[in-house]
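Visitor: Could you look at this predicted model? Sequence included:
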There are 2 protein chains.
Amino acid sequence: MRHLFCHRVRTEPQVTLETDPGRKINAFKIGAVCVSSRFDRSRAEAVDAWMAKHYPGRSVSVVFHPSSFDKSGHFAGDDRARAEAFIEFANDPLIHAVWFARGGYGSCRVAEAILPRLNAVAREKRYLGYSDAGTLLAGLYKAGFRHLAHGPMASDSVHNDATAHRALAWLTRGDTALLEPSLADDPRPAVAFNLTVLDQLLGTPLEPDLTGHVLMLEDVAEAAYRIDRMMFHLTSQPSIRRLAGIRAGRFTDVTVNEPDFGLTAEEIVRFWCERSGIPYLGTADIGHDRDNRVVPFGPRRQD
Amino acid sequence: MRHLFCHRVRTEPQVTLETDPGRKINAFKIGAVCVSSRFDRSRAEAVDAWMAKHYPGRSVSVVFHPSSFDKSGHFAGDDRARAEAFIEFANDPLIHAVWFARGGYGSCRVAEAILPRLNAVAREKRYLGYSDAGTLLAGLYKAGFRHLAHGPMASDSVHNDATAHRALAWLTRGDTALLEPSLADDPRPAVAFNLTVLDQLLGTPLEPDLTGHVLMLEDVAEAAYRIDRMMFHLTSQPSIRRLAGIRAGRFTDVTVNEPDFGLTAEEIVRFWCERSGIPYLGTADIGHDRDNRVVPFGPRRQD
């Protein structure tokens, strides 16, 4: 495991606040919060250990909201506790960015309680997550938040150094060097979502206007027939037909279909694009895996 | 299995056409058609055997469209073949009612191709099915078809005599004696759907206007967190908030959640009703099981 240590000696990157690039801060504090499924303390400890190794001077630190370890049935605390934790970190001027701790399921239960209570401080931060966190990212995007991205979460980043460094590069500096590669050549606004998560917020108050956007989709552990049905539902929406196009990220651990479905996940995405008249734009380098690249929401930034 | 034979000697019921109650016909012919997953010939043979036993005089018969046995990947034939089969049986004046052969998945791929091609003959027939067939029933209901019901399909009816007799009583005579029991006391229009199937047609051209309706929901083999997420999606739709209320049918074989989700399926339905302001009306006697009662779509008929 020697390679794990090569990052220990690199210079900790200098960080700036997204909205005030001239302002240098000595310690960039990322608030990690869990709005979804139960979150084990051991996963936070792994993040702590990784950060201590890679940022020994604590120029960047990750602090977990204590409520992230609450338990309420399936969830990391009840709806009220999860909502309050997110609101507290988002609104706190001493927290410089918000990192979703993990996915699972649960953010649709709290998003509408959270959004009206976020303040001006919350609007200026970066937010990074994917999978179930996409529900809240969607609502934040609809509410006009400008610094949102689909990408690795706190607990899954630290299984792979490169993943974590990519995530932190965007969270701390808005670094665009390591984004999903198609973004470099396509100036159109983009978003990325887990297909199931986006599918389940269509028509709800959380659905953002994606007119003219490139939509990247990924999913994990869904059966091909479910992917097909979700693509029917998605591409049948008048709102979604206003997309600039769709890219297919990785669909991993597709549940075995007996008999074989007859189409791969990418072929399914392409099929429904063709049927609905939405341009199919090719693949995207996102997925439930260590290579999951960061996709900032919205227009390409010129800075 | 002696009890199986007691029906052999019963008088075959006289049948009438729904729209012309005065017209007696000697042989009521039900067209069974598969618009979803692959359908094994052995399942049709079981229906044939059951019908031969219970209707030896063939006052009622079930004929399967030959395309029902086609295979195309996951499906009972490709989209075109399944659509053509349904259209042929629906439009044929010598077929008196249409019975969905089975569910699975696939009717969302053909519904929009079928609907504009149905003729006046098709509008006067009864149609019976549930699960995946609900997608097509929804589209038919939206298109103004008046003789639709959620209830046992051809292949699952004949596993249980009472189930089959209930289904055939409605298909052949529009018999209202054995419907879902709450219908007897509630004059409001009703519909019933598999939750997943309805969830996946919201906002599409197949979604009917359910204003003022009682909606009964059932599902099978879904995880509690998925039921919860679908109920969020469903009850967040402005269209669905115009329901008269929701009843919870049976949610069977709920996938094990680790940890326990914390709510039963019925509690989840009730939770989202309360949160969204849709009246929760109690349980419904429907589900993926032999007791699945028939729920005709729309207003209670006075005849």
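Guide: Right, received. Where do you want to start? Since the model is a prediction, treat every value here as computed from it, not as a measurement.
Visitor: pLDDT-wise, which helix or strand of chain A ranks last?
Guide: Counting by mean pLDDT, DSSP states H and E, the weakest-scoring helix or strand in chain A turns out to be strand A:15-17, with a mean of 51.
Visitor: ok, residue A:249 touching residue A:214?
Guide: No. Shown here, residue A:249 and residue A:214 do not form a contact pair, counting by C-beta atoms under 8 Å, at 11.8 Å. No exception for glycine: its C-beta is placed from N, CA and C like everyone else's.
Visitor: So for those two, which residue has more residues nearby?
Guide: Higher neighbour count among residue A:249 and residue A:214: residue A:249, with 30 against 24, using other C-beta atoms under 10 Å in any protein chain shown.
Visitor: tell me the SS of the more buried one?
Guide: Following DSSP: H, G, I helix; E, B strand; the rest coil, residue A:249 is assigned to strand.
Visitor: Nearest residue to it in space, please, no chain neighbours.
Guide: In this structure, residue A:249 finds its nearest non-sequential neighbour in residue A:218, 3.3 Å apart by C-beta to C-beta, 6 or more residues apart in numbering or on different chains.
Visitor: how far away is the one you found from chain B?
Guide: Using C-beta to the nearest C-beta, to the nearest Å, one obtains 17 Å as the distance from residue A:218 to chain B.
Visitor: buried ones in stretch A:89-102?
Guide: A:89, A:90, A:91, A:92, A:95, A:96, A:97, A:98, A:99, A:100, A:101, A:102 (16 or more other C-beta atoms under 10 Å in any protein chain shown).
Visitor: Just the ones of those in strands?
Guide: Among those, DSSP state E puts A:97, A:98, A:99, A:100 in strands.
Visitor: a markdown table for the residues you listed, including distance to chain B and pLDDT?
Guide: A markdown table is the format used below for those (distance: C-beta to the nearest C-beta, whole Å; pLDDT from 0 to 100):
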| residue | distance to chain B | pLDDT |
| --- | --- | --- |
| A:97 | 27 | 98 |
| A:98 | 22 | 98 |
| A:99 | 23 | 98 |
| A:100 | 17 | 98 |
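Visitor: Which of these sits closest to residue B:276?
Guide: residue A:100 (25.6 Å; C-beta to C-beta).
Visitor: Now do the contacts for residue A:187.
Guide: Residues in contact with residue A:187 (C-beta atoms under 8 Å, 6 or more residues apart in numbering or on different chains) are A:299, A:300.
Visitor: what's the distance between it and residue A:39?
Guide: 37 Å (C-beta to C-beta, to the nearest Å).
Visitor: now the helices for chain A?
Guide: Secondary structure of chain A (DSSP state H): helices at A:41-54, A:79-91, A:111-114, A:120-123, A:134-142, A:154-157, A:161-173, A:195-199, A:224-235, A:265-276.
Visitor: what's the angle between the fifth one and helix B:224-235?
Guide: Note on geometry: by axes from the mean of the first three to the mean of the last three C-alpha atoms, to 10 degrees, helix A:134-142 and helix B:224-235 are set 30 degrees apart in direction.
Visitor: which bits of chain A sit near chain B?
Guide: A:38, A:71-75, A:104-106, A:108-109, A:199-206, A:224-225, A:228-230, A:232-233, A:236-239, A:257, A:259-263 (C-beta under 8 Å from any C-beta of the partner chain).
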